[in-house]
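S.K.: sequence plus the predicted model coming up.
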Amino acid sequence: AAGLLGIAVPSIAGGQDLGIVEQCLVLEEVGRAVAPVPVLASIVTGALPVAAFGTPEQVERWARPAADGSAILTGALVEPLNPDYARPVTTATRDGDGWRIQGSKTCVPAATVASDVLIPAATPEGTAVFVVDLGAAGMTVSPQHTTNRDTEAMLTLDDVTVGPDRLLGTPDHGADIVDWIVERATLGLCAMQLGVTEEALRRTADYAKARVQFERPIATFQAVGHRCADAYIDVEGIRLTLWQAAWLLSAGLPATMEVEVAKLWAADGGHRVAHAAVHIHGGMGVATDYPIHRYFLAAKQIEFALGGGTEQRLRIGARLAAQPA
């Protein structure tokens with residue numbers, strides 16, 4: 001009702017027509033509350049690319065309902081054993097005016113509750129992106145057990161037929177669309193990680209000040225203080241790299257490596273903060289009836305989504321190696 005879902009969606013799709021910075025502010029608060037709502041899936045991997053690259057009819061059909069919350073979209077970017085999102089193994093072949101899609105996607109967020117999913121697929125002309133009905137004939141949605149117990153699923157597409165109205169953009173432009181989605185989805189994960197880790201640290205500091213051991217608050221113990229200080233540095237590293245990358249994207253400047261650096265901090269820094277929070281909480285850190293465990297699970301899920309620290313280092317290293325000395 002407040003219009004926050006569509007804050008970055010163009011006004012032509014019923015949104016607030018703001019940008020990626022404002023979108024990240026919303027996602028930061030989703031992370032802070034570890035709210036089980038598919039904002040990243042439905043808006044960043046669904047509505048935003050449809051609004052950016054779709055026809056007016058596609059925008060009206062899919063982006064507008066997602067922006068007002070009456071429908072849920074998602075994006076299927078990940079395939080088993082394929083780290084290159086823009087060059088999918090899933091294939092699409094022409095079938096008259098339409099297309100026939102064959103393949104599988106894994107770790108698709110909100111797939112068990114969404115109505116439609118954006119599917120990148122390889123065609124003879126290049127990578128294409130299709131908006132596919134999750135209830136279509138030949139589509140199998142298999143719920144997956146994930147770290148944070150989210151509504152993710154594996155999709156199996158066995159000759160799923162789609163019409164020409166479900167092709168987003170053109171096949172020779174699909175790889176660029178996928179890269180566009182991945183950059184913003186990765187940045188969205190970083191924004192959520194900032195909220196998760198900052199709130200986890202705040203709760204941990206409050207707990208350490210109130211928890212008494214040996215007749216003293218454990219916050220006064222040097223080892224605990226140092227651990228909290230290290231976690232604070234990590235949170236600030238996540239914040240700095242997130243907003244640097246978000247500003248570059250909002251200004252229309254190249255930001256691919258900066259997004260990768262932000263995800264590296266979100267992955268590695270998030271790992272350290274999450275573990276520090278659990279360790280300082282002691283036994284309460286692993287009690288499922290106490291809230292801090294939800295921050296640990298959320299941080300670990302975000303750490304590995306769309307590539308963990310090792311994957312980001314490999315991508316950054318490859319880019320640096322490709323630059324002339």
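M.R.: All right, it came through fine. Source: prediction; values computed, not measured. Numbering: from 1, shown residues only.
S.K.: can you get me a residue count around the closest residue to residue 213 other than its chain neighbours?
M.R.: Excluding the flanking residues, the one nearest residue 213 by CB to CB, 6 or more residues apart in numbering is residue 221, at 8.0 Å. Any C-beta I mention is one placed from the backbone N, CA and C, and that applies to glycine too. Using other CB atoms under 10 Å, residue 221 has 15 neighbouring residues.
S.K.: likewise residue 184?
M.R.: Residue crowding around residue 184 was assessed by other CB under 10 Å; the count is 25.
S.K.: equivalent analysis for residue 61, please.
M.R.: Applying other CB under 10 Å, we find 17 other residues in the vicinity of residue 61.
S.K.: also residue 318?
M.R.: Residues near residue 318, counting by other CB under 10 Å, number 9.
S.K.: from the contact counts, what lies against the helix or strand containing residue 49?
M.R.: In the assignment (DSSP states H and E), residue 49 maps to helix 48-53. With contacts taken as 3 or more CB pairs under 8 Å, 6 or more residues apart in numbering; DSSP states H and E, helix 48-53 sits against strand 126-133, strand 167-168, helix 174-210.
S.K.: could those go into CSV alongside mean pLDDT?
M.R.: Formatted as CSV, the helices and strands packed on helix 48-53 follow (pLDDT from 0 to 100):
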stretch, mean pLDDT
strand 126-133, 96
strand 167-168, 95
helix 174-210, 96
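S.K.: out of these, the one nearest residue 320 is which?
M.R.: helix 174-210 (18.1 Å; CB to CB).
S.K.: can you give me the helices in this structure?
M.R.: Taking DSSP state H to define them, one finds helices in the chain at 20-32, 39, 48-53, 56-58, 64-68, 174-210, 222-250, 256-281, 292-304, 309-322.
S.K.: closest one to residue 121 among those?
M.R.: Across the helices of the chain, residue 121 has its closest neighbour in helix 174-210 (8.1 Å, CB to CB).
S.K.: now that closest one: buried residues?
M.R.: Residues 174-175, 177-178, 180-201, 203-205, 207-208 are the ones in helix 174-210 that count as buried (16 or more other CB atoms under 10 Å).
S.K.: where does the stretch 201-325 of the chain have low pLDDT?
M.R.: Across the stretch 201-325 of the chain, nothing is flagged by pLDDT under 70.
S.K.: okay but residue 116 is in contact with residue 132, surely?
M.R.: Yes - assessed by CB atoms under 8 Å, residue 116 is found in contact with residue 132 at 6.5 Å.
S.K.: what touches both of these two?
M.R.: Listed as contacting both residue 116 and residue 132 by CB atoms under 8 Å, 6 or more residues apart in numbering is no residue at all.
S.K.: quick one: average confidence on stretch 72-84?
M.R.: Taken as a whole, stretch 72-84 has an average pLDDT of 95.
S.K.: whoops, I mixed them up, stretch 134-145
M.R.: 95.
S.K.: give me the buried positions along that stretch.
M.R.: Residues of stretch 134-145 classed as buried: 134, 139 (neighbour count, 16+ other CB under 10 Å).
S.K.: next, the distance between the ends of it.
M.R.: With CA to CA, to the nearest Å as the measure, stretch 134-145 spans 19 Å from end to end.
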